[in-house]
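Undergrad: sequence and predicted model, in that order:
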Amino acid sequence: MAQIDKRVLRGALGYQGMTMAQLARRLGINPATLYRKINGRSDFYLWEVSAICQALDIPRAEQLFLSLAVTPTKQKEGRV
């Protein structure tokens, strides 16, 4: 399971002027789903990790995640 560094996430969201709800919408997922994933109650998919880093202008996922065990399946339609 990917464990996100919440301090880095909050800092990146603030820097981008984005809320968690806006990030969830940008990912095309429900905000409650994003909160579950951030709080470790659900796994991130690989496309979500990539999309979060892209949305927050984070060049390497290792800068946002404390560990990177992700679920590589179930791609969002239109995502690679």
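TA: Nice, I can see it.
Undergrad: give me the mean pLDDT for stretch 29-43.
TA: The average of the pLDDT scores along stretch 29-43 is 93.
Undergrad: quick check: end-to-end length of that stretch?
TA: 13 Å (Cα to Cα, to the nearest Å).
Undergrad: stretch 48-62 now?
TA: Terminal residues of stretch 48-62 lie 14 Å apart, using Cα to Cα.
Undergrad: and that stretch, which residues are buried?
TA: The neighbour-count check on stretch 48-62 (16 or more other Cβ atoms under 10 Å) flags Glu48, Val49, Ala51, Ile52, Cys53, Ala55, Leu56, Ile58, Ala61 as buried. Backbone N, C-alpha and C define where each C-beta goes, glycine included.
Undergrad: chain center to that stretch, what's the gap?
TA: Averaging C-alpha positions (Cα atoms, centre = their mean, to the nearest Å) puts stretch 48-62 7 Å from its chain's average.
Undergrad: looking at the chain, which helix or strand is least sure?
TA: strand 65-68 (a mean of 66; mean pLDDT, DSSP states H and E).
Undergrad: let me see the ranges of the strands in the protein.
TA: For the chain, applying DSSP state E gives strands covering 2-4, 65-68.
Undergrad: hang on, the earlier thing: and the buried residues of stretch 48-62 as JSON lines, adding pLDDT and distance to Gly28?
TA: Putting the buried residues of stretch 48-62 into JSON lines (pLDDT from 0 to 100; distance: Cβ to Cβ, whole Å) gives the following:
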{"residue": "Glu48", "pLDDT": "91", "distance to Gly28": "10"}
{"residue": "Val49", "pLDDT": "89", "distance to Gly28": "14"}
{"residue": "Ala51", "pLDDT": "94", "distance to Gly28": "8"}
{"residue": "Ile52", "pLDDT": "94", "distance to Gly28": "12"}
{"residue": "Cys53", "pLDDT": "93", "distance to Gly28": "16"}
{"residue": "Ala55", "pLDDT": "95", "distance to Gly28": "11"}
{"residue": "Leu56", "pLDDT": "94", "distance to Gly28": "16"}
{"residue": "Ile58", "pLDDT": "92", "distance to Gly28": "19"}
{"residue": "Ala61", "pLDDT": "84", "distance to Gly28": "19"}
